[in-house]
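Visitor: Structure for the following, please:
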Amino acid sequence: MLVEVRRELVKQDHRFLQKRFLQDAHNRLAIYIWQLPEDDEGEMLRFQVAYREIALDWAAERGMRLAIVDDGDNPMGMKRSPVLTAENKISQQSVQRLCEYLDEHSEKVSLRFIRETITSEVMQGRIKT
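Guide: Take a look at the predicted model:
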């Protein structure tokens, strides 16, 4: 279940931007959204999505960046912190699963925007899958 963390609990890095955080621990999804503070469903300036083994970072001024998530497993049994590794391409299946999940929450304007942006970037060939 996708839930938004109360904004008072999300560290705000910039006084002119509102950072929002949504998560679904069961589906291993985390979304950060940066918007103007007075407009919850307005223009999105940046978002980061981590979904299972992929991470997408989009900003209006530069477009999309891709990464693969190394979940920190260690053969010796100790869990390490997850690490993002920059990539030039990601799994088509992972992108499809993420878009299907976002479709389930299409009542939220911000999530529709994220889904449309990811789809657009893939369709225009900016992201290799």
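
Visitor: List the buried residues for the longest helix seen in the chain?
Guide: For the chain, the longest helix by residue count, based on DSSP state H, is helix 109-123. Buried residues in helix 109-123, counted by 16 or more other CB atoms under 10 Å: 110, 111, 113, 114, 115, 117, 118, 121, 122. C-beta: built from backbone N, CA, C; applies to glycine.

Visitor: State the pLDDT value of the nearest residue to the third one once chain neighbours are set aside.
Guide: So that's residue 113. In this structure, residue 113 finds its nearest non-sequential neighbour in residue 44, 5.5 Å apart by CB to CB, 6 or more residues apart in numbering. The model reports residue 44 with a pLDDT of 86.

Visitor: Quick one: neighbours of residue 44, just the number.
Guide: Other residues near residue 44 come to 20 when the count uses other CB atoms under 10 Å.

Visitor: Could you do residue 96 as well?
Guide: 12.

Visitor: Bridged to the residue nearest the centre of the chain, which residues?
Guide: For the chain, the residue nearest the mean C-alpha position is residue 49 (0.9 Å; CA atoms, centre = their mean). Beta bridges link residue 49 to residue 31, residue 56, judged by DSSP bridges.

Visitor: With just CA atoms, put the longest helix of the chain into PDB.
Guide: Taking Å, rounded to 0.1, in the frame of the first residue of the first chain, the C-alpha atoms of helix 109-123 are listed here in PDB:
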ATOM      1  CA  VAL A 109      -1.800  13.700 -10.200                       C
ATOM      2  CA  SER A 110       1.800  13.600  -9.100                       C
ATOM      3  CA  LEU A 111       2.000   9.800  -9.700                       C
ATOM      4  CA  ARG A 112       0.300  10.200 -13.200                       C
ATOM      5  CA  PHE A 113       3.000  12.700 -14.000                       C
ATOM      6  CA  ILE A 114       5.800  10.400 -12.900                       C
ATOM      7  CA  ARG A 115       4.300   7.500 -14.900                       C
ATOM      8  CA  GLU A 116       3.900   9.700 -18.000                       C
ATOM      9  CA  THR A 117       7.400  11.100 -17.700                       C
ATOM     10  CA  ILE A 118       8.900   7.600 -17.400                       C
ATOM     11  CA  THR A 119       6.900   6.300 -20.400                       C
ATOM     12  CA  SER A 120       7.800   9.400 -22.400                       C
ATOM     13  CA  GLU A 121      11.500   9.000 -21.700                       C
ATOM     14  CA  VAL A 122      11.400   5.300 -22.600                       C
ATOM     15  CA  MET A 123       9.300   5.900 -25.800                       C
END
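
Visitor: Fine, thanks again, bye for now.
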